[in-house]
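In: model the structure of this input:
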Amino acid sequence: MLESMAFVFFLIFIALVFDFINGFHDSANSISTVVSTRVLSPQYAVLWAAFFNFVAAFLIGTQVAHTIGKGIIHLDIVDNLLILSALGGAIIWDVATWYYGLPSSSSHALMGGLIGAAVAKAGTGTLVWSGITKTTLFIIVSPAIGMVLGFTFMVLAMNLSRYSNIAKSDKVFRKLQLLSAAVYSLGHGMNDAQKTMGIIAMALFSKGLLGNTFYIPFWLIITCHAAIALGTMFGGWRIVKTMGTRITKLQPIGGFSAETAAACSIIGASIAGIPVSTTHTITGAIVGVGATKRLSAVRWGVAGNIIWAWLLTIPVSAAISAIIYLAINYFSG
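Out: I've put the predicted structure just below:
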């Protein structure tokens with residue numbers, strides 16, 4: 001049953017559920033700044049973000065999908081149970097962190113799920129360390145780049161508007177924030193939708209349905225972008241408050257700077273084929289914007305809780321997926 005073709009279609013469905021949850025979970029990243037600055041209402045903000053999540057399907061290649069599909073574990077050990085376990089670990093962690101309002105990384109949850117299931121099946125020799133090292137390094141690099149760019153863009157924006165009165169400046173940056181929110185959502189779609197493409201392509205390739213060469217079919221690109229856009233439309237409201245108001249208080253000028261900084265970092269990583277956390281990046285950018293006022297403007301206790309969620313994502317999702325793999329393997333004989 002686990003190795004039947006019907007089960008492959010079931011896995012594709014579960015992967016798309018993960019993609020939907022990814023959009024649902026990460027919609028807060030896309031809309032938190034534009035909602036907290038009251039540039040858009042939550043209802044219009046999710047529609048704005050979802051549209052650009054989908055449009056991203058037509059603007060970039062599939063470099064990130066290839067990294068997930070063949071750059072984390074060796075393809076020759078992949079089977080349906082392994083993929084099911086990996087998705088299970090990632091989904092459980094995403095739902096748990098959503099429930100507690102913690103902005104964690106769906107990307108790293110998926111990577112942890114793949115690692116845990118692969119090690120449970122065949123040990124650490126199944127891991128592609130170069131891909132894991134590159135992706136793990138960006139747990140630190142991604143928010144650091146977001147923080148530096150957020151600080152830089154905020155300083156530039158304040159200097160450019162120093163001769164303008166507050167009302168006029170606010171009006172200009174409210175309009176600009178629509179653009180920055182759109183570009184950020186493009187970056188989110190570019191990077192995150194590809195992670196699900198990678199794992200579905202992995203399942204198809206393991207069954208010989210892609211031939212002898214690993215690639216990402218166009219129908220899969222469209223389907224994954226549609227799923228993440230749909231998830232974004234439904235919105236992860238529990239995380240919006242944490243991202244938009246609890247880390248630091250944002251005005252339109254700060255929202256524009258944070259979104260632009262995060263978008264530059266994420267789009268750059270997507271072009272390089274690096275699966276990064278959009279959550280980590282936008283959080284770092286918001287912290288950087290807050291630090292331009294004074295260091296005390298950043299609520300470091302909240303930021304600390306978020307960092308703990310980041311550090312726990314890969315090991316906990318790996319442990320969950322390993323338990324799922326071993327349990328199903330044991331009871332299925």
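In: the stretch 101-250 of the chain: helices as residue ranges?
Out: Remark: helices assigned in the stretch 101-250 of the chain by DSSP state H, counting those that start in this stretch are 106-122, 129-160, 166-206, 218-234, 237-241.
In: avg pLDDT for the longest one?
Out: Read that as helix 166-206. When the per-residue pLDDT values of helix 166-206 are averaged, the result is 88.
In: what packs against that helix?
Out: Applying 3 or more CB pairs under 8 Å, 6 or more residues apart in numbering; DSSP states H and E, one finds that helix 166-206 contacts helix 5-36, helix 42-55, helix 63-70, helix 80-99, helix 106-122, helix 218-234, helix 252-271, helix 278-291. C-beta coordinates here come from the backbone N, C-alpha and C atoms, glycine included.
In: what about the longest one, average pLDDT?
Out: By that I understand helix 5-36. Rounded to a whole number, the mean pLDDT of helix 5-36 is 81.
In: packing partners for that helix?
Out: helix 42-55, helix 80-99, helix 106-122, helix 166-206, helix 218-234, helix 237-241, helix 252-271, helix 278-291.
In: need the winner for burial among those.
Out: Among the helices and strands packed on helix 5-36, judged by mean count of other CB atoms under 10 Å, the one packed with the most neighbours on average is helix 278-291 (a mean of 29).
In: for that helix, name the packing helices and strands.
Out: Packed against helix 278-291 by the contact rule (3+ CB pairs under 8 Å, 6+ apart) you find helix 5-36, helix 129-160, helix 166-206, helix 252-271, helix 300-331.
In: so which of those is nearest residue 96?
Out: Between residue 96 and the helices and strands packed on helix 278-291, the shortest separation by CB to CB is 8.6 Å, and it involves helix 300-331.
In: that older thread, and residue 23, which of the helices and strands packed on helix 5-36 is closest to it?
Out: helix 218-234 (2.6 Å).
In: got the angle between that closest one and helix 5-36?
Out: 40 degrees (axes from the mean of the first three to the mean of the last three CA atoms, to 10 degrees).
In: output the contacting helices and strands for helix 218-234.
Out: Using 3+ CB pairs under 8 Å, 6+ apart as the contact criterion, the neighbours of helix 218-234 among helices and strands are helix 5-36, helix 42-55, helix 166-206.
In: hang on, the earlier thing: in TSV, list the helices and strands packed on helix 166-206 along with distance to residue 154.
Out: As requested, these are arranged in TSV below (distance: least, CB to CB, whole Å):
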stretch	distance to residue 154
helix 5-36	12
helix 42-55	21
helix 63-70	28
helix 80-99	28
helix 106-122	26
helix 218-234	26
helix 252-271	4
helix 278-291	5
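In: wait, which of the ones you listed is closest to residue 181?
Out: Set against residue 181 and scored by CB to CB, these come closest in helix 5-36, at 4.4 Å.
In: returning to what we had before: so which of the helices and strands packed on helix 166-206 is nearest residue 153?
Out: When these are ranked by distance to residue 153, counting by CB to CB, first place goes to helix 252-271 at 4.0 Å.
In: measure the residue lying farthest from the centre of the chain to residue 169 for me?
Out: For the chain, the largest distance from the centre (CA atoms, centre = their mean) belongs to residue 163, which lies 37.9 Å off. Between residue 163 and residue 169 the computed distance is 10 Å (CB to CB, to the nearest Å).
In: same question, residue 17
Out: Counting by CB to CB, the separation of residue 17 from residue 169 is 44 Å.
In: point out where the stretch 51-200 of the chain drops to low pLDDT.
Out: Regions of the stretch 51-200 of the chain meeting the criterion pLDDT under 70 cover residues 101-103.
In: how about a cut-off of 50?
Out: Scanning the stretch 51-200 of the chain with the threshold set as pLDDT under 50 gives no residue ranges.
In: out of the helices and strands packed on helix 218-234, which comes closest to residue 118?
Out: Distances from residue 118 to each of these were compared by CB to CB, and the smallest falls on helix 166-206, at 11.2 Å.
In: what inclination does the closest one have with respect to helix 106-122?
Out: For helix 166-206 and helix 106-122, the angle between their directions (the same axes, to 10 degrees) works out to 20 degrees.
In: can you give the distance from helix 166-206 to the centre of its chain?
Out: 10 Å (CA atoms, centre = their mean, to the nearest Å).
In: then stretch 38-49?
Out: A distance of 19 Å separates the centroid of the chain from that of stretch 38-49, by CA atoms, centre = their mean.
In: and it, C-alpha only, in PDB?
Out: What follows is stretch 38-49 as a C-alpha-only set of coordinates in PDB (Å, rounded to 0.1, in the frame of the first residue of the first chain):
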ATOM      1  CA  ARG A  38      -2.800  50.500   8.800                       C
ATOM      2  CA  VAL A  39      -1.900  50.900   5.200                       C
ATOM      3  CA  LEU A  40      -4.200  48.000   4.300                       C
ATOM      4  CA  SER A  41      -6.900  46.300   6.300                       C
ATOM      5  CA  PRO A  42      -6.200  42.600   7.000                       C
ATOM      6  CA  GLN A  43      -8.700  41.400   4.400                       C
ATOM      7  CA  TYR A  44      -7.200  43.500   1.600                       C
ATOM      8  CA  ALA A  45      -3.700  42.700   2.800                       C
ATOM      9  CA  VAL A  46      -4.000  38.900   2.400                       C
ATOM     10  CA  LEU A  47      -5.500  39.300  -1.100                       C
ATOM     11  CA  TRP A  48      -2.600  41.600  -2.100                       C
ATOM     12  CA  ALA A  49       0.000  39.200  -0.700                       C
END
